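J.: whatever this is, show me its structure:
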Amino acid sequence: MKDLLFAYILRLADDAAILGQRLGEWCGHAPTLEEDIGLANVALDHIGQARALYSYAGEVEGKGRDEDQLCFLRKEREFSNCLLVEQPNGDFAETIARQFFFSAFMLPFWEKMKASKDETLAAIAAKAEKEAAYHLRHSAEWVIRLGDGTEESRERMQDAIELLWPFTGELFEADDTVKVLVAEGVAVDPASIRDEWRETVGKVFGQATLEMPEEGWAQTGGRSGMHTEHFGHLLTEMQYMQRAYPGLKW
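T.: Residues are numbered from 1 along each chain as shown. Presented below is the predicted three-dimensional model:
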């Protein structure tokens, strides 16, 4: 059971850390000063979640690894984040679509996680829920603004949705690790979130005059360490300091 819990916490931490890294790449490059600060704040929220989760994962593992070692000294195939969060920033619409899809999932996820029998995960969820609510509101407002804006902004937003839609299916996958922990009252069954996620996405798309793609083939593999070509480049930058100067602390 300890190994399953460790693996589960680790994938949640990886999701948060990788998305935080991606959003951090916008620092100094966002379209407006306000959005530069806004994206940086969302990135810091995810990094804060990652730190709490990595620290707890290290405690559960019991092998002396801390947050720095788990985040910055693991290899590509050892990461179990979903493929959605590692996708490149692209243009601003792609970044917003990625954040919107993820936040629409994570808000109900953290709400349900507050009832976990694992007290530490429940405590992390209580704080993360408030952050996810802001992340969803922020990204949804931008989806509507771009979708219901100019002809070009709507086209870019729709293109971003079509590009990233195949990566959303993985959010709802439940492997044996998840199934066992759900049965124990520790984990959240992702399938229980699908209807709420689709309702949220559909409502925002309606306001944004955007079309929801049809269900179809979905990209998968991130949970088992099979990542896209972009991931290695991301890790090279994210892990440089700790690998070049061993012993540094987050």
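J.: okay, CA-based contacts and neighbour counts for the rest of this
T.: Will do.
J.: quick one: Lys249 and Leu70 touch, right?
T.: No. Using C-alpha atoms under 8 Å, Lys249 makes no contact with Leu70, being 11.9 Å away.
J.: which of these two has more neighbours?
T.: The residue with more neighbours, out of Lys249 and Leu70, is Leu70; 20 against 10, by other C-alpha atoms under 10 Å.
J.: just checking, that one touches Leu53?
T.: No. In this structure, Leu70 is not within contact of Leu53 by C-alpha under 8 Å, at 10.2 Å.
J.: and for Asp236, the neighbour number?
T.: Quick fix: residue 236 reads Thr, not Asp. Thr236 has 13 nearby residues by other C-alpha under 10 Å.
J.: so it is in which element?
T.: Assessed by DSSP states H and E, Thr236 sits inside helix 230-238.
J.: got a list of contacts for stretch 215-228?
T.: Identification of contacts with stretch 215-228 by C-alpha atoms under 8 Å, 6 or more residues apart in numbering yields 11, 76-83, 86, 166-170.
J.: now with 10 Å?
T.: Residues from elsewhere that reach stretch 215-228, judged by C-alpha atoms under 10 Å, 6 or more residues apart in numbering: 7-8, 11, 14-15, 75-87, 164-171, 173-175.
J.: and what of stretch 56-69?
T.: Residues outside stretch 56-69 that contact it (C-alpha under 10 Å, 6+ apart) are 2-13, 50-55, 70-71, 73-74, 120-121, 124, 239, 242, 246-250.
J.: mind running it again at 6 Å?
T.: The contact list for stretch 56-69 (C-alpha atoms under 6 Å, 6 or more residues apart in numbering) reads 6, 9, 54-55.
J.: which of those lies closest to Leu107?
T.: The closest of the contacts of stretch 56-69 to Leu107 turns out to be Ile9 (C-alpha to C-alpha; 16.9 Å).
J.: how deep is that closest one tucked in, by neighbour count?
T.: Ile9 has 21 nearby residues by other C-alpha under 10 Å.
J.: same check on Pro246?
T.: 11.
J.: what of Asp3?
T.: Counted by other C-alpha under 10 Å, the residues lying close to Asp3 total 11.
J.: can we start the residue count at 9 from this point?
T.: Done: numbering now begins at 9, and the last item shifts to Asp11.
J.: now it, what's its secondary structure?
T.: helix (DSSP: H, G, I helix; E, B strand; the rest coil).
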